[in-house]
Every structure is written in structure tokens, then in C-alpha cells.
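Trainee: Fold the following for me, if possible:
(one chain, ligands or ions: 2)
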Amino acid sequence: MEDLKLVLVSAVALVREDGCLLLAQRPEGKSLAGLWEFPGGKVEEGESPEFALVRELKEELGIDVDTQDFVPFSFASHTYETFHLLMPVFLCRKWQGEPKGCEGQSLAWVTANDLVKYPTPPADVGLMDEFRRWTGDKICGEQKLDTF
Ligand SMILES: Nc1nc2c([nH]c(=O)n2[C@@H]2O[C@H](COP(=O)(O)OP(=O)(O)OP(=O)(O)O)[C@@H](O)[C@H]2O)c(=O)[nH]1
Ligand SMILES: [Mg+2]
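Mentor: Ligands and ions are numbered 1, 2, ... in the order given. Okay, here's the model as predicted:
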């Protein structure tokens, strides 16, 4: 267990003006295929998590983002069978372009309430709960969706 390699993956909660969150479905042939995840990918040698995310969002979704528009949200630390995943998750509400599944993956804009209908990788379960709470706080705190 202690011999597992640490894999650093950078991911993002892209939140639309109406408060919906973008989920991407892992394509056939990849590990955890069919499960719904935060867009992102592995941080390569010499990259910052933010830069890796800018690159991944261009490759996977065809959108342009500015690292200044990333706000740290949370992170996952999860032991899989063959590696340990450390995944910072940023929040981002501003980007250029319309997200598309550039690698053949399906995309879905999901309300916080509907997140339960989208099965996620084991590492993401707590993060989805956290996102739901975060959204609930925004609405219950008399702040309307347009202040997201
Ligand atoms: N992007 C992303 N990866 C996640 C999430 N949750 C989670 O366990 N992972 C795991 O993180 C690992 C790396 O993600 P990835 O497959 O997106 O990496 P990548 O884009 O660089 O793809 P590649 O390695 O095929 O080039 C995978 O084992 C994946 O299952 C998540 O919410 N988003
Ligand atoms: Mg990826």
C-alpha cells in the first residue's frame, strides 16, 4: 500500500451562470469507463496544476480558460488498486468557447440536485456531496443564482 505511486491529476468544476456543473463521461477503453467526472487530467512533469488544467480543457473540451479564473475548491485523496490519486479541484465560472466532447466523451450540464443520477469514480463521491452543499449554501443564503 505504501509503495503505490502518487498520481497528481488536476480537475475543474465548471459552473454555468444557472449554477449547473459540467460533468464528462469517461470514454470506452479508459479506466472507469462510463463514469461521470470533473474534466481534467494528469499533471505532466514541470507543469503547475493550473497550467495542466488549461492544457487539458483545451484538449478535452476545446475551451480557453485563464488560470486567474480558477478558485481552489477542494481536493480528493484516494487510494486505487494501482496508484494513489491526489486531485486538486478548482472552481471556474468563466471560459471562452462552448465546451464540446473533443475526445468523443459525452458531456452533461447537471443541477446540484441531479448529481446523484450520475455515477462517479469512487474518488469523487465526497466532492459531489461537497458541491451540492456549496450550491445549497448559495441558494439558502438569500443569494440568488446570479451571484454564483
Ligand atoms: N479528470 C478526472 N480524473 C479523475 C476524476 N476522478 C478520478 O478518480 N480520476 C482519475 O484520475 C486519473 C487521471 O485522469 P485522466 O484519465 O483524465 O487523465 P488524462 O486526461 O491525462 O488522460 P490520459 O492519461 O488517458 O492521457 C484516472 O485514473 C481517473 O480515473 C475526475 O473527477 N476527473
Ligand atoms: Mg482527462
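Trainee: what's near enough to touch the residue lying closest to Ala123 once chain neighbours are set aside?
Mentor: Once flanking residues are discounted, Ala123 sits nearest to His78: 3.5 Å by C-beta to C-beta, 6 or more residues apart in numbering. Any C-beta I mention is one placed from the backbone N, CA and C, and that applies to glycine too. His78 sits next to 84-85, 87, 122-123 when contact means C-beta atoms under 8 Å, 6 or more residues apart in numbering.
Trainee: Run through the bridge partners of His78.
Mentor: Leu85 (DSSP bridges).
Trainee: Next, work out how far apart Phe59 and ligand 1 are.
Mentor: One thing to correct before we go on: residue 59 is Glu, not Phe. 8 Å (C-beta to the nearest ligand atom, to the nearest Å).
Trainee: Can you tell me which helices and strands the helix or strand where that residue lies packs against?
Mentor: For Glu59, the element it lies in under DSSP states H and E is helix 49-61. Helix 49-61 sits against strand 5-14, strand 21-25, strand 40-42, strand 83-92, with contacts defined as 3 or more C-beta pairs under 8 Å, 6 or more residues apart in numbering; DSSP states H and E.
Trainee: which one of those has the most crowded surroundings?
Mentor: With neighbours defined as mean count of other C-beta atoms under 10 Å, the helices and strands packed on helix 49-61 peak in mean count at strand 21-25, which reaches a mean of 22.
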